[in-house]
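Q: 3D model of this:
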Amino acid sequence: MISPQMPCKGVPKAPTFSGDPCDVTDYLDDVARLCKACRAISRAKKIKYALKYVSREVEKLWCHAAYYCKADWDAFGRLVMRFYPEVDVDACHTHSALQHVVERQVSIPMTSRADLGAYLHEFESISLYLLCKECLSESERSHWFLDGFSPEFKSALLHCLSLLDLNHHPEDPWTTDEILLQAKHILMVQECALITCTEPQPPKPCIQQPAHHFCYFCGQDGHI
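A: Here you go, the predicted structure:
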C-alpha cells in the first residue's frame, strides 16, 4: 500500500500556523499527526516539515531551534516555545477552553468524517494535555467528547453504542475510543448512502407498444 504524500504548502490539507503564539503547540501537533499518517516519522523529517508550512519570517526564527536541537523533535518544540515567553501553555489548555470547544461544536453539523476529524483535533489538543497533567479523568474526557455532538447525532450515537453492549448501564460512561469508533461508522454509512443517491441512474429502456390497426368501417381491431 502506497503511503500518502505530505501536502504542498498552502493547499487545504496542509497544516497552517496562524502566527498566534498560543497556536504553536497545536500547529506542532498537527504536523506530527500528518507526518505519522504519511509515514514521515523520523524526528528530522518532522522538524523539516514544521519549518516548511510556516511563513518565511517564522522559518527564519525557528531554524535556530532546528539547528540546536540536533534532530530531537521534543527538544525542537521546547526551544520553539522559548521564543514566545508570553505564552503560558497551561493557560491555553484549561477546562474552560475545553468547555468552549465542546459548546461551540454542538451547533456545528456533523456530516462527514472530515467534520469529525476537525472536532477531534481541537478536542484532543486540550483534553490530552489535561489528561497528562492529571487535571482530567478518562471518564470526564469521554463525557465531554460525547457532549460535543449535536443532540440528533448524539442520540444516534448512543443508540449504536447501546447495541454493542445490551448490559451496559446508562450511568456508566463509554470510552472515548468507543464513541469515536461508532461516530466514524455512522458517518461512513451516511457518506456511502449519499454517494449512492447522487450516482446517475441508468436510463430506463423505452418499450414501444405494438400499434393497433383499427377497421376504417366498424372501428374494431383485429382486421383491416
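
Q: where does pLDDT dip in the protein?
A: Low-confidence segments of the chain, defined by pLDDT under 70, are located at 1-3, 195-224.

Q: can you pull the contacts of the closest residue to C63 other than its chain neighbours?
A: Among residues not flanking C63 along the chain, L51 sits closest, at 6.3 Å (CB to CB, 6 or more residues apart in numbering). C-beta: built from backbone N, CA, C; applies to glycine. Contacts of L51 were listed using CB atoms under 8 Å, 6 or more residues apart in numbering, and they are 59, 62-63, 66.

Q: C-terminal to whichever strand or helix holds L51, what's the next element?
A: In the assignment (DSSP states H and E), L51 maps to helix 43-52. On the C-terminal side of helix 43-52, the closest following helix or strand by DSSP H and E is helix 56-68.

Q: list the buried ones in that following helix?
A: Residues of helix 56-68 classed as buried by neighbour count (16 or more other CB atoms under 10 Å): 58, 62, 65-66.

Q: rewinding a little: tell me which of the contacts of L51 is nearest to L130?
A: For L130, the closest of the contacts of L51 turns out to be W62, at 26.5 Å, with distances computed as CB to CB.

Q: need the contacts of L51 in CSV (columns: distance to R39).
A: Below are the contacts of L51 laid out as CSV (distance: CB to CB, whole Å):
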residue, distance to R39
E59, 24
W62, 23
C63, 24
A66, 21
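
Q: picking that back up, distance of the residue nearest to C63 relative to A156?
A: To A156, L51 is 43 Å away according to CB to CB, to the nearest Å.

Q: okay, buried residues for the helix or strand where L194 lies please.
A: Using DSSP H and E, L194 sits in helix 176-198. Of the residues in helix 176-198, those scored as buried under the neighbour-count criterion (16+ other CB under 10 Å) are 176, 178-180, 182-183, 186-187, 190.

Q: adding distance to F123, write the residues you listed out as CSV.
A: Converted to CSV, those look like this (distance: CB to CB, whole Å):
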residue, distance to F123
T176, 9
E178, 15
I179, 11
L180, 10
Q182, 16
A183, 12
I186, 17
L187, 16
Q190, 21
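
Q: distance of the residue sitting nearest the centre point of the chain from P170?
A: A centroid search over the chain (CA atoms, centre = their mean) returns G117, at 0.8 Å, as the residue closest to the centre. When distance is defined by CB to CB, G117 is 29 Å away from P170.

Q: could you do C92 as well?
A: When C92 is compared with P170 (using CB to CB), they lie 35 Å apart.
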